[in-house]
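Student: Sequence first, then the predicted structure:
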2 protein chains.
Amino acid sequence: MKKITTKTAVRKYNIYINKGILEEAPAIIKDNFTSFNKLVLITNDTINGIYGGPIKILCDSIGVKYNIISLKDGEEYKTLESVETVYSKLVNLDFHRDDIIIAFGGGVIGDTAGYIASTFHRGTRLIQIPSTIIAQVDSSIGGKVVVNYMGIKNIIGSFYQPHMIIMDPVLLESLDENQVINGLGEIVKYGIVFDWKIIKILEKIVKTKQYNLDSLVKHDEFIDIICRCAKIKVKVVEKDEFDCGCRNLLNFGHTIGHSIEKEGGLKDISHGQAVIMGMMAAIEISIIMGYLPGSERERVQELFKKLEIPYKIPKIDIEKIFEGLKYDKKFTSGMNKFILLKKINHPFIYKGVKKEVILKSINNCIDN
Amino acid sequence: MKKITTKTAVRKYNIYINKGILEEAPAIIKDNFTSFNKLVLITNDTINGIYGGPIKILCDSIGVKYNIISLKDGEEYKTLESVETVYSKLVNLDFHRDDIIIAFGGGVIGDTAGYIASTFHRGTRLIQIPSTIIAQVDSSIGGKVVVNYMGIKNIIGSFYQPHMIIMDPVLLESLDENQVINGLGEIVKYGIVFDWKIIKILEKIVKTKQYNLDSLVKHDEFIDIICRCAKIKVKVVEKDEFDCGCRNLLNFGHTIGHSIEKEGGLKDISHGQAVIMGMMAAIEISIIMGYLPGSERERVQELFKKLEIPYKIPKIDIEKIFEGLKYDKKFTSGMNKFILLKKINHPFIYKGVKKEVILKSINNCIDN
């Protein structure tokens, strides 16, 4: 079992990572917390359908009164309405600050349950049990707890660190292909921006005979990848808990990626795929501007090919993508802001990349 | 002008206190904050009726686009509905994290606007301009931002420190008698629990020939009292930002006070009056238990008499008050928890005061 300790301004907490650790979770929770009388586990219907059994065993074994609240599955339920539904249940349960909320699910559940925990009684105990790659390597760590409002993503929220995170890579085995691709986008991002060893492990995995996307998460090395990514996220959060500096670096690929996702008019493109395309464009900008040798582009492309993940941008209205950049949260005072690479694992922030460079870089990444 | 600097885990901010400082507020705000484009001032209809002129001058002089949002006056509007009304306006204004929310009003406005600022974009800039004694000496300081839900007071909220507090004692001149009594309850609490000098200043004020409750806040010495109380609150908050230790001491008088307020069946009793009665009962318990000499009771009673504030508990069902103690937030595992005094300015926490002691102490404080 790996344990990563996270020190933030508000509290210190541990991340426990191991295959099958879910079975040990009740003991870990009872060891770490006292004086709680109630437990509320928040999940969604899909996850509850798959893991209803283990979830019940988990709650039974903790040995206090518990309730399982299952929300509908989907980003469209990450709303204040869902939050209020849970608030009213917590009121009726006479839920206290020392009682425990477990967020069991992917990013949407982590965000929603986290926001509830951050605001009920001005903060209850919160344990994250993330069940997707993105939730394990990114969203469960760092205290970003948010919901959507009036159609605007993540506009309502707080900074609220969890009291514990339990990561079981076994939970990833039920993910569908899209969810794996979403996760791999983030993982490759960590590899390119912070820790090339992650790319090397991925390269090693794809070289094995039995490699395919479906079984990727079952590889023993995959747990190393989760740990490395989690450690990076922890470090970045410790340095920049309130998102005013280096946390920006985590947005590598997201500038153009978000615009492709929103403005591209592409059917069925997932966030992860868009970010992968955005990363390729950011690499391209770094090459065009003379920072990165072209060979790095080839190496990353090669990896995506072997991972069986699409990385080329489909035919798209480039002007529209460019226009979409102004909705980027890093866009300030009429100036775009990119995370670029001086070299591999040496990211930096560059303000005001020229229009022709952006257009050319997107164009170079288009699938002809 | 007095300036008190507050250092919390999350940020450092200043409290500016002076008679007439509202006129200097635009300059202070522009000196301290850059890169904001919008201002939203949240107040209520009553305050806007009295201070509509100065509020408009304040906003005009800051020199950015502004909106004044006036909520209905009253604790019953400290709700998620009010919060959502403001959220939707902020969305329509394209309000950003660096933009400024000003909470201009008493505790209800400070709590509601503070909660909005703490959650919109996961935290916008927040300036508190408290307009009641309680808001100046207590609620605007310390980052408790809360709303009521399902009839339960303050159950939804966060810890969110303001970015600046501007306190103008001139604003207190429009308070009604009840609001002054509410404030004096808190002030006397600070005096008894932390800083006897406050009591001495009050004693000096009531000795002046022209003393009456109406003009109390106009006395030059009153600004000293505000400063002393604010400093105490700042110190306590710095030590215990997240309300898990010494912040409890601020609840002196509130244990029995809350129960009198809720269970007493008394018409028109204000929170402040109930707390004053609760303080007398807590002093009584400290005397019965042999910590405090009886002469301290007389001195405090004398002060209240001269202040023209009722401090005796009306005829009341003592058993019911005792039963009500179990709803106190400090009540845990079947045990009551009192803030008592070892001597003046030496508070301590005592768990499990015996029933007969509590009944006797309330009885001794009843107005016969």
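Tutor: Yes, it's here.

Student: Could you list the residues of chain A in contact with chain B?
Tutor: Within chain A, the positions lying close to chain B (CB under 8 Å from any CB of the partner chain) are A:9-10, A:35, A:80, A:84, A:87-88, A:91, A:118-123, A:144, A:146, A:149-150, A:152, A:155-160, A:242-243, A:332. C-beta: built from backbone N, CA, C; applies to glycine.

Student: Packing partners of the one helix or strand residue A:296 maps to?
Tutor: Per DSSP states H and E, residue A:296 falls inside helix A:294-307. Judged by 3 or more CB pairs under 8 Å, 6 or more residues apart in numbering or on different chains; DSSP states H and E, the packing partners of helix A:294-307 are helix A:177-193, helix A:196-207, helix A:271-288.

Student: what inclination does it have with respect to helix A:177-193?
Tutor: If you take axes from the mean of the first three to the mean of the last three CA atoms, to 10 degrees, helix A:294-307 sits at 150 degrees to helix A:177-193.

Student: Any buried residues in helix A:294-307, and which?
Tutor: A:296, A:297, A:300, A:303, A:304, A:307 (16 or more other CB atoms under 10 Å in any protein chain shown).

Student: so the second one sits right up against residue A:285, yeah?
Tutor: No. Checked against CB atoms under 8 Å, the pair residue A:297 and residue A:285 is beyond contact range at 11.0 Å.

Student: one step back: point out the most buried one among the helices and strands packed on helix A:294-307.
Tutor: The highest mean neighbour count among the helices and strands packed on helix A:294-307, using mean count of other CB atoms under 10 Å in any protein chain shown, belongs to helix A:271-288: a mean of 25.

Student: what's the angle between it and helix A:177-193?
Tutor: Angle, helix A:271-288 to helix A:177-193, by the same axes, to 10 degrees: 30 degrees.

Student: Return the mean pLDDT over helix A:271-288, rounded to an integer.
Tutor: In this model, helix A:271-288 carries a mean pLDDT of 94.

Student: And stretch A:85-103, by the same measure?
Tutor: On average, stretch A:85-103 scores 97.

Student: List the buried residues of that stretch.
Tutor: Of the residues in stretch A:85-103, A:86, A:87, A:90, A:91, A:93, A:95, A:96, A:99, A:100, A:101, A:102, A:103 count as buried by neighbour count, 16+ other CB under 10 Å.

Student: What are the contacting residues of stretch A:187-196?
Tutor: Contacting residues not belonging to stretch A:187-196 are listed as A:133, A:137, A:197-199, A:202, A:225, A:228-229, A:232-233, A:249-250, A:252-253, A:275-276, A:279, A:283, A:300, A:303-304, A:339, A:341, A:344-345, A:347 [CB atoms under 8 Å, 6 or more residues apart in numbering or on different chains].

Student: still on that earlier bit, quick check, nearest of the buried residues of stretch A:85-103 to residue B:221?
Tutor: Among these, residue A:96 lies closest to residue B:221 (CB to CB), at 42.6 Å.

Student: May I have the phi/psi pair for that closest one?
Tutor: As for residue A:96, its main-chain torsions (degrees, to the nearest 10) stand at phi -110, psi 170.

Student: Equivalent analysis for residue A:148, please.
Tutor: Dihedral pair for residue A:148: phi -90, psi 160, per degrees, to the nearest 10.

Student: Would you check how far apart it and residue A:141 are?
Tutor: Residue A:148 is 21 Å from residue A:141, where distance means CB to CB, to the nearest Å.

Student: likewise residue A:211?
Tutor: Using CB to CB, residue A:211 is found at 28 Å from residue A:141.

Student: The two: which is more packed in?
Tutor: With neighbours defined as other CB atoms under 10 Å in any protein chain shown, residue A:211 and residue A:141 compare such that residue A:141 has more, 28 against 16.

Student: end-to-end on stretch A:20-39?
Tutor: Stretch A:20-39 has an end-to-end distance of 22 Å (criterion: CA to CA, to the nearest Å).

Student: Sorry, slip of the keys, the one I care about is stretch A:151-165.
Tutor: Length of stretch A:151-165, first residue to last, CA to CA: 29 Å.

Student: avg pLDDT for that stretch?
Tutor: pLDDT averaged over stretch A:151-165 gives 95.

Student: repeat for stretch A:131-147
Tutor: Taken as a whole, stretch A:131-147 has a mean pLDDT of 96.

Student: do the same with stretch A:296-316
Tutor: Averaging pLDDT along stretch A:296-316 gives 92.

Student: Centre of the chain to it, how far?
Tutor: Distance, stretch centre to chain centre, for stretch A:296-316: 21 Å (CA atoms, centre = their mean, to the nearest Å).

Student: what comes into contact with it?
Tutor: With CB under 8 Å, 6+ apart as the test, stretch A:296-316 has contacts from A:181, A:184-185, A:188, A:192, A:199, A:202-203, A:206-207, A:211-213, A:216, A:260, A:264-266, A:273, A:276-277, A:279-281, A:283-284, A:287, A:341, A:343-344, A:362, A:365-367.

Student: In a helix, residue A:3, correct?
Tutor: No. Counting by DSSP: H, G, I helix; E, B strand; the rest coil, residue A:3 is not found in a helix; it is strand.

Student: For it, name its beta-bridge partners.
Tutor: residue A:16 (DSSP bridges).

Student: do residue A:104 as well
Tutor: residue A:129.

Student: Show me the helices in the stretch 201-350 of chain A, by range?
Tutor: All helices of the stretch 201-350 of chain A, identified by DSSP state H, counting those that start in this stretch, fall at A:220-239, A:254-263, A:271-288, A:294-307, A:318-324.

Student: try the stretch 51-200 of chain A
Tutor: All helices of the stretch 51-200 of chain A, identified by DSSP H, counting those that start in this stretch, fall at A:80-92, A:107-119, A:133-134, A:177-193, A:196-207.

Student: Give me the distance between the second one and the centre of its chain.
Tutor: Between the mean C-alpha point of helix A:107-119 and the mean C-alpha point of its chain there is a distance of 14 Å (CA atoms, centre = their mean).

Student: what do you get for the last one?
Tutor: In terms of CA atoms, centre = their mean, the centre of helix A:196-207 is set 20 Å apart from its chain centre.

Student: okay, now the residue of the stretch 151-300 of chain A found nearest chain B: neighbour count?
Tutor: Closest residue of the stretch 151-300 of chain A to chain B, CB to the nearest CB: residue A:157 (4.4 Å). By the criterion of other CB under 10 Å, residue A:157 has 24 neighbours.

Student: again, but for residue A:242
Tutor: Applying other CB under 10 Å, we find 15 residues neighbouring residue A:242.

Student: Who are the contact partners of residue A:48?
Tutor: Residue A:48 makes contacts with A:55, A:68, A:70, as judged by CB under 8 Å, 6+ apart.

Student: Repeat the analysis, applying 10 Å as the threshold.
Tutor: Contact analysis of residue A:48 by CB atoms under 10 Å, 6 or more residues apart in numbering or on different chains lists A:41, A:55, A:56, A:68, A:69, A:70, A:71, A:73, A:104, A:105.

Student: residues near the second one, how many?
Tutor: Okay, so that is residue A:55. Residue A:55 sits with 21 neighbouring residues when counted by other CB under 10 Å.

Student: same question, the third one
Tutor: Residues within reach of residue A:56, counting by other CB under 10 Å, total 14.

Student: hang on, it packs against residue A:70?
Tutor: No. Using CB atoms under 10 Å as the test, residue A:56 is too far from residue A:70 to be in contact (11.9 Å).

Student: could I have stretch A:187-206 exported to CSV, CA atoms only?
Tutor: Only the C-alpha atoms of stretch A:187-206 are listed here, as CSV (Å, rounded to 0.1, in the frame of the first residue of the first chain):
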residue,chain,number,x,y,z
ILE,A,187,-1.8,11.0,-17.6
VAL,A,188,0.1,11.9,-20.7
LYS,A,189,-0.2,15.5,-19.7
TYR,A,190,1.5,14.8,-16.4
GLY,A,191,4.1,12.9,-18.3
ILE,A,192,4.9,15.7,-20.8
VAL,A,193,4.6,18.6,-18.4
PHE,A,194,6.1,17.2,-15.2
ASP,A,195,7.5,13.6,-15.2
TRP,A,196,8.8,11.9,-18.3
LYS,A,197,9.0,8.6,-16.4
ILE,A,198,5.2,8.3,-16.7
ILE,A,199,5.6,8.3,-20.5
LYS,A,200,8.3,5.7,-20.2
ILE,A,201,6.1,3.4,-18.2
LEU,A,202,3.3,3.8,-20.7
GLU,A,203,5.8,3.0,-23.5
LYS,A,204,6.8,-0.1,-21.6
ILE,A,205,3.2,-1.2,-21.1
VAL,A,206,2.3,-0.7,-24.8
